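Enquirer: Got a predicted structure plus its sequence, pasted below:
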Amino acid sequence: MGAGGERDGGGSSVPDEAWEQFLRDSVDGVADAPREPSARARAVADRLRDQPAGTQGWRTHTPPPPRRRKGWYVVGLLAAVALLVVAFDPWRMIGSSTDEGTPGPPLALESDRPTEAPPMEPDRRGTLDEPFRGSPAALWADGAAGISVPAARATGWMNQAQVEKALRQTRDFLAASSLDAAVLRGERPARAIALINPHQRDIKDYLAAAFRTPSEENDPLLLFSRYRTDHARLVGDVVKTRGRITYREGKRGAVQVSTDVTYVYPFVAAEAGSDEVVRTIVRREIVVDWDDPAKIVTQPGTFSIVSYKLDMTNGGCDNHTGYLAPEFDEDGNATGPETGEAVDPYDRSKAIADGTPATDDGCRTATRS
């Protein structure tokens, strides 16, 4: 080795400092230099390289990419709004009519007594084209379709099929007594009377007197709806109804059927050219027994009347003529003289016996028609 740390010989010389650094690195290793993997590390690397790409460990979880859920948010919002409408608007009066008065979809049939009266509609008068405009009845069904009939089951002396027929015939009686066009115009309700047990003496006497000499006690309106064609005429051919039929086992095994129905009749005066539309609202509660012929004298296919009640507005104040007598005036407010208590004729939340008598001293004031 020469002076200055140069190596003699045929190769290139290396400074002594660099050579000493090389010797130290060979012993200690260089921090940044790649290291030879151990045998265990090589085995793990080989196993991972050969493992299928889709296999996951049992404790691993790869969350899926987030999905766009805008559509679900919209559906959830609409469902929440619908629940709020049902909760706060059971009568479906929100949006029930447009600014022009076009009614919304009809209400579902009444299956039980409502807990409150329907909300007040905006003050709109009925017209010849829309006789139920401004009335809760605009959302009611037409004719007998508005009277709900429950499912039949064997009750009392009747099997299921017999009960079903009795319920159907009871609704037929309601239609024949309060919806039949000829009966409304004053004709005798022969089809309805044919369903009443002819052996029921008190009812037979009532019917004879009611159509011969009507009075407060023997008033045809207690069971039948009629008007005088020289006084009024019906607007169109639709009568709106809302009500229900229920039944249970009565005395001596009879099938007792109870009915509670409100009828809304739109009228104009009989004079030609009349266009002032008023409404007469009639509510009847009628209870009948389909008796066991082995225990009660009856005629097959007929029922016995147990009770009947009437509540009526704008049918004539202290009217005992046997006909509905709607009142007309220039304002279209057919409420009669305001001498009695106020009554909402559309409130079906209470039975007629619960403070809504058919007649009293003077005429009550209808809060709406």
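Expert: Cool, the structure landed. Just so we're clear, the structure is a prediction, and the values are computed from it rather than from any experiment. Numbers count the residues shown, from 1 in each chain.
Enquirer: C-alpha from now on. contacts and neighbour counts both.
Expert: Fine.
Enquirer: could you point out which element follows the helix or strand hosting Ala161?
Expert: Assigned by DSSP states H and E, Ala161 falls within helix 160-178. Toward the C-terminus, helix 160-178 is succeeded by helix 181-184 as the next helix or strand (DSSP H and E).
Enquirer: what does that next one contact?
Expert: Among residues not part of helix 181-184, those counted as contacts by CA atoms under 8 Å, 6 or more residues apart in numbering are Ala176, Ser177, Ser178, Pro189, Ser225, Arg226, Tyr227, Asp237.
Enquirer: hang on, the earlier thing: helices and strands around the helix holding Ala161, which ones?
Expert: For helix 160-178, the helices and strands in contact under the criterion 3 or more CA pairs under 8 Å, 6 or more residues apart in numbering; DSSP states H and E are helix 181-184, helix 190-193, strand 255-269.
Enquirer: Buried deepest among these, which one?
Expert: Scoring those by mean neighbour count under mean count of other CA atoms under 10 Å gives strand 255-269 as the most buried, with a mean of 24.
Enquirer: Direction included, what does that one pair against?
Expert: Sheet partners assigned to strand 255-269 using DSSP bridges are listed as strand 232-234 (antiparallel), strand 240-249 (antiparallel), strand 278-290 (antiparallel).
Enquirer: Let's have these in JSON lines, adding mean pLDDT and mean neighbour count.
Expert: Formatted as JSON lines, the entries for the strands paired with strand 255-269 read as follows, by pLDDT from 0 to 100; neighbours: other CA atoms under 10 Å:
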{"stretch": "strand 232-234", "mean pLDDT": "97", "mean neighbour count": "21"}
{"stretch": "strand 240-249", "mean pLDDT": "98", "mean neighbour count": "21"}
{"stretch": "strand 278-290", "mean pLDDT": "97", "mean neighbour count": "24"}
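Enquirer: want to try a markdown table for those, with distance to Ala141 as columns?
Expert: Putting these into a markdown table (distance: least, CA to CA, whole Å) gives the following:
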| stretch | distance to Ala141 |
| --- | --- |
| strand 232-234 | 17 |
| strand 240-249 | 6 |
| strand 278-290 | 15 |
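Enquirer: For Ser369, find the nearest of those strands.
Expert: Closest to Ser369 of the strands paired with strand 255-269, according to CA to CA: strand 278-290, at 5.8 Å.
Enquirer: CA atoms only for the closest one, dumped as PDB, please.
Expert: Once side chains and other backbone atoms are set aside, the C-alpha atoms of strand 278-290 remain, and they are given as PDB (Å, rounded to 0.1, in the frame of the first residue of the first chain):
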ATOM      1  CA  VAL A 278    -131.400  23.100  -0.500                       C
ATOM      2  CA  ARG A 279    -130.700  19.800   1.300                       C
ATOM      3  CA  THR A 280    -133.000  17.800   3.600                       C
ATOM      4  CA  ILE A 281    -131.000  15.500   5.900                       C
ATOM      5  CA  VAL A 282    -132.900  12.500   7.400                       C
ATOM      6  CA  ARG A 283    -131.400  10.100   9.900                       C
ATOM      7  CA  ARG A 284    -133.200   6.900  11.000                       C
ATOM      8  CA  GLU A 285    -132.300   4.200  13.500                       C
ATOM      9  CA  ILE A 286    -134.400   1.100  12.900                       C
ATOM     10  CA  VAL A 287    -134.100  -2.200  14.800                       C
ATOM     11  CA  VAL A 288    -135.800  -5.300  13.500                       C
ATOM     12  CA  ASP A 289    -136.000  -9.000  14.600                       C
ATOM     13  CA  TRP A 290    -135.800 -11.900  12.200                       C
END
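Enquirer: No more questions from me, cheers.
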